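Enquirer: Sharing a model prediction with you, sequence too.
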Amino acid sequence: MITLQDNKTTTYNNTTKPQHHNTAQDFMPINGTDYLELYVSNAKQAAHYYKAAFGFQSLAYRGLETGSRETESYVVAQDKIRLVLTSPLKSGTDIGRHIDKHGDGVKVNALWVDDATYAYEEAMKRGAAHFMSPSVEEDEHGKIVRSGIRSYGEVVHVFVERKDYRGVFLPGFEKWTTNYNPPSVGLKFVDHMVGNVELGNMNKWVKFYEEVMGFTQIMSFDDKDISTEYTALMSKVMSSGNGRIKFPINEPAPGLKKSQVDEYLEFYEGEGVQHVAVATDNIVETVTQLRNRGVEFLTIPSAYYDVLQERVGKIDENIDALKKLGILVDRDDEGYLLQIFTKTVQARPTMFFEIIQRKGATSFGKGNFKALFEAIEREQELRGTL
Ligand code: FE2
């Protein structure tokens with residue numbers, strides 16, 4: 001049995017090359033991200049924000065009108081991305097306690113599997129901590145099986161088996177229709193989801209994803225890659241066997257001042273989800289729409305673009321358009337990627353989003369880390385938390 005308290009560190013090379021050292025078969029095939037559930041203080045208003053600002057569409061609802069007396073959830077969707085926004089309807093609930101401690105944040109990363117009972121049993125056999133035993137939920141549209149295990153902080157993974165279900169989301173939810181339906185901005189699917197963990201815990205969670213979930217470490221960055229004058233962090237990227245699920249895990253590294261990961265851990269009051277990266281196939285158009293709809297992004301100094309062409313070579317996009325929007329570019333052996341980061345999206349300086357377009361590249365924008373972290377530090381400076 002794996003003990004998740006084991007902090008013994010494994011020595012990995014400081015390299016961004018894929019490391020296929022884990023030859024275990026894929027005992028945990030995952031089809032994709034099923035949904036992300038955020039516990040928020042006002043689900044109704046949060047749903048409106050994600051529709052108005054980020055181009056999500058109304059999908060499903062569960063609350064008093066559907067017989068749910070304790071919680072209210074709005075589900076919004078954009079292509080393959082589903083966000084569930086949940087608030088408590090009374091005091092003294094576990095969700096209320098979660099919000100009191102962490103502010104708004106991601107509670108559930110739900111994974112779409114063919115067999116939620118098998119996934120749970122395999123994970124438990126390999127040392128996972130229990131969250132939810134396999135349970136069948138049914139309505140007139142069929143049945144869903146869900147189960148769940150715990151991850152870092154209070155984050156959980158829920159396995160969702162939906163092959164026998166034809167309803168709009170999950171049993172208990174009704175279709176949510178509204179008169180306000182702003183168009184999509186072209187977001188397609190969750191590319192990766194990043195966790196921030198306490199100093200010394202990164203390798204524990206790397207081991208968890210390897211041994212409990214059958215993931216492989218595909219990249220690692222240390223403080224030599226990711227440091228600025230003041231702060232540093234270390235990161236390892238875990239990927240499911242088929243590459244559809246990628247979880248980078250960050251831990252703070254000692255620096256002259258407080259790092260962005262430390263700031264997160266302080267304000268989230270623990271480990272949790274730092275950012276969710278969502279993919280588009282036209283980042284210039286998507287970011288133009290997002291900016292028009294009030295989404296705020298980190299700003300990058302114009303000097304970044306003076307050397308961009310030299311750094312990344314020929315790209316399809318017009319560099320002036322990228323500069324105007326603040327979009328970053330990086331290249332790896334397989335191609336290039338374009339990315340941009342929002343400012344944090346709730347009261348506390350905790351979670352944010354990344355918009356990413358991959359043109360062959362499978363990496364995470366290492367060449368942008370310095371410019372990016374300096375941009376984050378300018379924000380920290382304004383908050384007085386650097
Ligand atoms: Fe990212």
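Expert: Good, I have the coordinates.
Enquirer: so what's the backbone phi/psi at the residue in the stretch 151-300 of the chain positioned nearest to the ion?
Expert: Proximity of the stretch 151-300 of the chain to the ion (CB to the ion) peaks at residue 277, 4.3 Å away. No exception for glycine: its C-beta is placed from N, CA and C like everyone else's. When read as degrees, to the nearest 10, the backbone of residue 277 gives phi -100, psi 130.
Enquirer: who's the residue lying closest to it once chain neighbours are set aside bridged to?
Expert: Leaving aside its sequence neighbours, residue 277 sits nearest to residue 354 (CB to CB, 6 or more residues apart in numbering; 3.8 Å). Bridge pairing for residue 354 (DSSP bridges) gives the partners residue 277, residue 341.
Enquirer: Which pLDDT value goes with residue 354?
Expert: Residue-level confidence at residue 354 comes out at 98, pLDDT.
Enquirer: mind listing what the host helix or strand of residue 134 pairs with, with the direction of each?
Expert: Assigned by DSSP states H and E, residue 134 belongs to strand 130-139. Looking at strand 130-139 with DSSP bridges, its partner strands are strand 142-150 (antiparallel).
Enquirer: residues in contact with the strand it pairs with?
Expert: Here strand 142-150 makes contact (CB atoms under 8 Å, 6 or more residues apart in numbering) with 108, 110, 115-117, 119-120, 123-124, 128-138, 156-162, 164-167, 170-171, 212.
Enquirer: now residue 247: how far from residue 145?
Expert: Per CB to CB, to the nearest Å, residue 247 is found 23 Å from residue 145.
Enquirer: Can you pull out the low-pLDDT segments for the stretch 251-386 of the chain?
Expert: Low-confidence segments of the stretch 251-386 of the chain (pLDDT under 70): 256.
Enquirer: show me where it has strands.
Expert: Remark: strands assigned in the stretch 251-386 of the chain by DSSP state E, counting those that start in this stretch are 272-280, 328-332, 335-341, 352-359.
Enquirer: In contact with residue 233, which residues?
Expert: Residue 233 touches 223, 226-227, 250-253, 259-261, counting by CB under 8 Å, 6+ apart.
Enquirer: and the stretch 251-386 of the chain, which residues reach the ion?
Expert: 277, 354 (CB under 5 Å from the ion).
Enquirer: residues contacting residue 28?
Expert: By CB under 8 Å, 6+ apart, the contact set of residue 28 is 113, 119, 122-123, 213-215, 240-241.
Enquirer: how about these in TSV, adding secondary structure?
Expert: TSV is the format used below for these (DSSP: H, G, I helix; E, B strand; the rest coil):
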residue	secondary structure
113	coil
119	helix
122	helix
123	helix
213	coil
214	coil
215	coil
240	coil
241	coil
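Enquirer: Quickly list what the residue lying closest to residue 334 once chain neighbours are set aside is bridged to.
Expert: Closest residue to residue 334 apart from its sequence neighbours, by CB to CB, 6+ apart: residue 360 at 4.8 Å. With DSSP bridges as the criterion, residue 360 is bridged to residue 336.
Enquirer: residues near residue 128, how many?
Expert: 23 (other CB atoms under 10 Å).
Enquirer: before we move on, what about residue 236?
Expert: Residue 236, neighbours per other CB under 10 Å, totals 23.
Enquirer: Quick check: nearest residue in space to it, chain neighbours excluded?
Expert: residue 220 (4.6 Å).
Enquirer: For that neighbour, the count of nearby residues, please.
Expert: Residue 220: 20 neighbours (other CB under 10 Å).
Enquirer: With mean neighbour count as added columns, please give the strands of the stretch 251-386 of the chain in JSON lines.
Expert: Formatted as JSON lines, these follow (neighbours: other CB atoms under 10 Å):
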{"stretch": "strand 272-280", "mean neighbour count": "23"}
{"stretch": "strand 328-332", "mean neighbour count": "21"}
{"stretch": "strand 335-341", "mean neighbour count": "22"}
{"stretch": "strand 352-359", "mean neighbour count": "21"}
